[in-house]
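S.K.: sequence and predicted model, in that order:
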Amino acid sequence: MLLSREKAKGKRQSSHNSWLRIYAIKLDKGIYLITGGAIKLTHLMSEREHTLNELKKMEMVRNYLLDSGIVDADGIKE
């Protein structure tokens, strides 16, 4: 089953750190379901209300997918 809780990072185009974070659930290799985004001002998502809300929203979507039997990209197509 995919829907893992791993971090994925895009290829870096410049030497500075970006503050923009896109939150997504991995459905398959190279296929992500975007659940939201935020400006990241702290190291951990749980340290600020706006990033904590994104974490909660991502978990709600993940639970919905699992409850609906959607565990990979094929489940979305059906």
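M.R.: Good, I have the coordinates. Please read these numbers as outputs of a predicted model, since none were measured by experiment.
S.K.: could you pull out the strands for the protein?
M.R.: With DSSP state E applied, the chain shows strands at 20-28, 31-39, listed in chain order.
S.K.: and those strands: which comes nearest Ile70?
M.R.: Ile70 sits nearest to strand 20-28 of all these, at 7.9 Å, using Cβ to Cβ. C-beta coordinates here come from the backbone N, C-alpha and C atoms, glycine included.
S.K.: what lines up beside the closest one in the sheet?
M.R.: Taking DSSP bridges as the criterion, strand 20-28 forms sheet pairs with strand 31-39 (antiparallel).
S.K.: look up how far Ile39 lies from the most centrally placed residue in the chain.
M.R.: Centroid-nearest residue in the chain, with Cα atoms, centre = their mean: Ala24, separated by 2.3 Å. Shown here: Ala24 relative to Ile39, a distance of 16 Å by Cβ to Cβ, to the nearest Å.
S.K.: and the residue lying closest to Gly75 once chain neighbours are set aside, how many residues sit next to it?
M.R.: The spatial neighbour of Gly75 that comes closest, neighbours along the chain excluded (Cβ to Cβ, 6 or more residues apart in numbering), is Gly69 at 6.4 Å. Gly69: 8 surrounding residues under other Cβ atoms under 10 Å.
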